[in-house]
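In: My questions concern the predicted model and sequence given below.
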Number of protein chains: 2
Amino acid sequence: MKKLINSAESLVSDVLRGMAIAHPGLRVDHATRVIARAGGPVPGKVGLVSGGGSGHEPLHGGFVGRGMLDAAVPGEVFTSPTPDRILAALRSADSGSGVLQIVKNYSGDRLNFAMAAELAADEGHEVRTVVVDDDVAGADGGAGRRGTGATVFVERICGALAEEGADLAAVAEAGERVNAASRSIAIALSPCTAPAVGRPGFELGPDEIEFGVGIHGEPGLRREPLRPARELVARAMEPLLAGLPPGGGESLVMVNGLGATPLQELYVVLHETAGVLREGGLNIAHSLVGNYVTALDMAGVSITVCRADAPMLALWAAPVNTPVLRWGC
Amino acid sequence: MKKLINSAESLVSDVLRGMAIAHPGLRVDHATRVIARAGGPVPGKVGLVSGGGSGHEPLHGGFVGRGMLDAAVPGEVFTSPTPDRILAALRSADSGSGVLQIVKNYSGDRLNFAMAAELAADEGHEVRTVVVDDDVAGADGGAGRRGTGATVFVERICGALAEEGADLAAVAEAGERVNAASRSIAIALSPCTAPAVGRPGFELGPDEIEFGVGIHGEPGLRREPLRPARELVARAMEPLLAGLPPGGGESLVMVNGLGATPLQELYVVLHETAGVLREGGLNIAHSLVGNYVTALDMAGVSITVCRADAPMLALWAAPVNTPVLRWGC
């Protein structure tokens, strides 16, 4: 295992120290591991919190800031943060207008965020939860579709709506609608290696891909040969589009590198994705191309499409100022 | 070789088509391969052009926009763009106030950009050149230090100065000063594979790194064992700091992934880099952490430090609006 780390034990702490140096707009609490907006909760604004296992950077800390999250809470690599730390994030994000927590659909995350929400409610915080479950390729142990790239869309659109002063019920409802309108699929060209494990989570032949892989290296729909990008994208878009509400119109698209994928390959995939969407009557209103929801050092790509309505598009374009997404500010 | 591409032959064209979809602020000319600001050259402003072989994305196309480049021109993978295409970029960037071309110090790039500048001069364009040569680890065939991460600092600071209305001589002089104040070093954990070659450019043992690698996989200072990040950074910063003008003060720092490096590892490296700089009396005024100057699918990191004076820091913080760097706009 080759990694630029000091040790598996110190990794998350070291990452947080680096983030604090890189991003003066964030306030990192090294005791609770909560990454919050430097200015504290915004009076009158619904707070937004997300989190989950580390190893998916920049998710979620890179999305803390105006127009997205108020706080993010990372766990150990591929491990849910504990309820006490989630509770600390909920506290830090609540200005008195309540908090929405955005949770990817994995049993560990669901359990811990639910416990944290109960603890927060006991302290008088109003907490709502949106569960993101956009991955058409797989279920997390019977818990339904896994949560992946659509998390970025939910965080962004809920974040913009909260910034406009919408109340907790409205922000939560928008999150549900974005999630329902979004689907993802991922393809791995190589496995990833968790630092504490020290060896790849699975093996692939020299010409083989994992079609429908999960962001922790979970098995996908099938193993198959690597094909030219055009064919690969066409095959990937079949289950993705089948999972979306039918019809044409506007879309938000994310072509996401899983960690070890050159940016030039992601542009190739976006071009092919745009072609498939066009045939399906979908226009790309806005796109993201880069590493947003990674799986450590996995090579591969995920594609997320949101069939966006006019309010979603307007919220997407509203000002945002985070380490990763930044426009209009 | 596993890559998300259609073919080595169509790669650069496919990438440009993806970039055109992703970034409406860019105008991509698919015949000349010039990536320019959508609004055309800015009247009264010195134009800025850069370019070089593909495979280093987001360099240079990702840095086209307000406060950085007016045009970028990519060649084939790891191959300089031809003079006719560079000439097209120079033409597209000249509003009548002259053009600065920013060239990484490789013999192919220097030759082709020099020829393009002559052709442009014949057409009446005033062209100046800044050669970036910041890599302390190696020379390009006797041509002196290679050009790498400092290119981003030169493009940014010259771009901000040009935006303020400085004349060509002043913008070129600023570029020379930024380059002289900047040094880089890179470490490879794995080789990279050029698509047209189909096999890795070199081999590394399971615990071995290439210390001082070039951004095309050129040999570095030495092979050595992988060490914990703290030790590795300390060793890398020795030649880097020795190459910088002496003294403490403020710095700009870029911790750059070479293409296949997880973001979490880059944050670890930034944290360690900050510690070494602090001991040397250097404060990090601003930092970049991510993939900026890549080498296809190489795993590893480069560190660039610029000992920045007050004007450089002010220009760094001025508005910028490109696909990759965006603030204050």
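Out: Yes, it's here.

In: Please enumerate the helices of the stretch 101-250 of chain A.
Out: A:107-122, A:150-163, A:168-180, A:229-243 (DSSP state H, counting those that start in this stretch).

In: To A:Gly328, which of these lies closest?
Out: Among the helices of the stretch 101-250 of chain A, the nearest to A:Gly328 by C-beta to C-beta is helix A:150-163 (9.8 Å). Quick note: C-beta positions are derived from backbone N, CA and C, even for glycine.

In: Quick check: beta-bridge partners of A:Glu224?
Out: When bridges are called by DSSP bridges, A:Glu224 pairs up with A:Ile209.

In: Now do the same contact list for it.
Out: For A:Glu224, the contact set (C-beta atoms under 8 Å, 6 or more residues apart in numbering or on different chains) comprises A:Glu208, A:Ile209, A:Phe211.

In: before we move on, what about A:Gln101?
Out: Counted by C-beta under 8 Å, 6+ apart, A:Gln101 has contacts A:Leu48, A:Val49, A:Ser50, A:Ile86, A:Leu90, A:Phe113, A:Ala116, A:Ala117, A:Val127, A:Arg128, A:Thr129, A:Val130.

In: Let me know the closest of these to chain B.
Out: Proximity of the contacts of A:Gln101 to chain B was ranked by C-beta to the nearest C-beta; the top entry is A:Ser50 with 16.7 Å.

In: hmm, who's touching stretch A:78-93?
Out: Against stretch A:78-93 from outside (C-beta under 8 Å, 6+ apart): A:29, A:32-34, A:36, A:40-41, A:47-49, A:51-55, A:69-75, A:99, A:101, A:106, A:108-109, A:111-113, A:115-117, A:119-120, A:123, A:125, A:127, A:194, A:216.

In: from those residues, which ones fall inside strands?
Out: If you go by DSSP state E, the contacts of stretch A:78-93 have A:29, A:34, A:36, A:47-49, A:51-54, A:71-75, A:99, A:101, A:127 in strands.

In: Now list the buried members of the residues you listed.
Out: Buried members of those, counted by 16 or more other C-beta atoms under 10 Å in any protein chain shown: A:29, A:34, A:36, A:47-49, A:51-54, A:71-75, A:99, A:101, A:127.

In: Tell me, how many residues neighbour the residue of the stretch 201-329 of chain A found nearest chain B?
Out: Using C-beta to the nearest C-beta, the closest approach of the stretch 201-329 of chain A to chain B is made by A:Tyr267 at 3.0 Å. For A:Tyr267, the neighbour count with other C-beta atoms under 10 Å in any protein chain shown is 28.

In: Please look at it and B:Val12 and confirm they touch.
Out: No - using C-beta atoms under 8 Å, A:Tyr267 makes no contact with B:Val12, being 10.1 Å away.

In: quick one on the thing from earlier: highest mean neighbour count out of the helices of the stretch 101-250 of chain A?
Out: Across the helices of the stretch 101-250 of chain A, the average number of neighbours (mean count of other C-beta atoms under 10 Å in any protein chain shown) peaks for helix A:150-163, which reaches a mean of 28.

In: can you tell me the average pLDDT over stretch A:25-41?
Out: When pLDDT is averaged over stretch A:25-41, the result is 97.

In: Oops, could you answer that again for stretch A:117-133 instead?
Out: Here the average pLDDT along stretch A:117-133 is 98.

In: Could you list the residues in contact with it?
Out: Residues outside stretch A:117-133 that contact it (C-beta under 8 Å, 6+ apart) are A:83-84, A:87, A:90-91, A:94, A:98-105, A:110, A:113-114, A:144-148, A:150-151, A:154, A:158, A:168-169, A:171-172, A:175-176, A:179.

In: cutoff 6 Å now
Out: Outside stretch A:117-133, the residues that touch it by C-beta atoms under 6 Å, 6 or more residues apart in numbering or on different chains are A:87, A:90, A:94, A:98-105, A:144-145, A:147, A:150-151, A:154, A:168, A:172, A:175-176, A:179.

In: Find the residue closest to the residue lying farthest from the centre of chain A in space, skipping its chain neighbours.
Out: Largest separation from the mean C-alpha position in chain A: A:Pro206, at 29.0 Å (C-alpha atoms, centre = their mean). Excluding the flanking residues, the one nearest A:Pro206 by C-beta to C-beta, 6 or more residues apart in numbering or on different chains is B:Lys2, at 7.6 Å.

In: That neighbour is in contact with A:Leu189, isn't it?
Out: Yes - look at B:Lys2 against A:Leu189 with C-beta atoms under 6 Å: they come within range, at 4.4 Å.

In: Give me the more crowded residue out of the two.
Out: Neighbour count, other C-beta under 10 Å: between B:Lys2 and A:Leu189, A:Leu189 has more, with 23 against 18.

In: Surely A:Gly281 touches A:Glu250?
Out: No - with contacts defined as C-beta under 6 Å, A:Gly281 does not count as touching A:Glu250, sitting 10.5 Å away.

In: So for those two, which sits in the more crowded spot?
Out: A:Glu250 (16 against 10).

In: Domain ranges for chain A, per the record?
Out: Domain assignment for chain A by automatic domain parsing gives A:14-181, A:183-308.

In: so who does the closest residue to A:Ala318 other than its chain neighbours touch?
Out: Of all residues not flanking A:Ala318 in the chain, A:Ala160 sits nearest, at 4.2 Å (C-beta to C-beta, 6+ apart). When contacts are counted by C-beta under 6 Å, 6+ apart, A:Ala160 touches A:Gly67, A:Leu315, A:Ala318.

In: Now A:Ala172. Nearest residue, chain neighbours left out?
Out: Sequence neighbours aside, A:Arg128 is the residue nearest to A:Ala172 in space, at 4.2 Å (criterion: C-beta to C-beta, 6+ apart).

In: and the closest residue to A:Leu4 other than its chain neighbours, helix, strand or coil?
Out: Counting by C-beta to C-beta, 6+ apart, B:Glu265 is the residue found nearest to A:Leu4 once chain neighbours are left out, at 3.9 Å. Secondary structure for B:Glu265, judged by DSSP: H, G, I helix; E, B strand; the rest coil, is helix.
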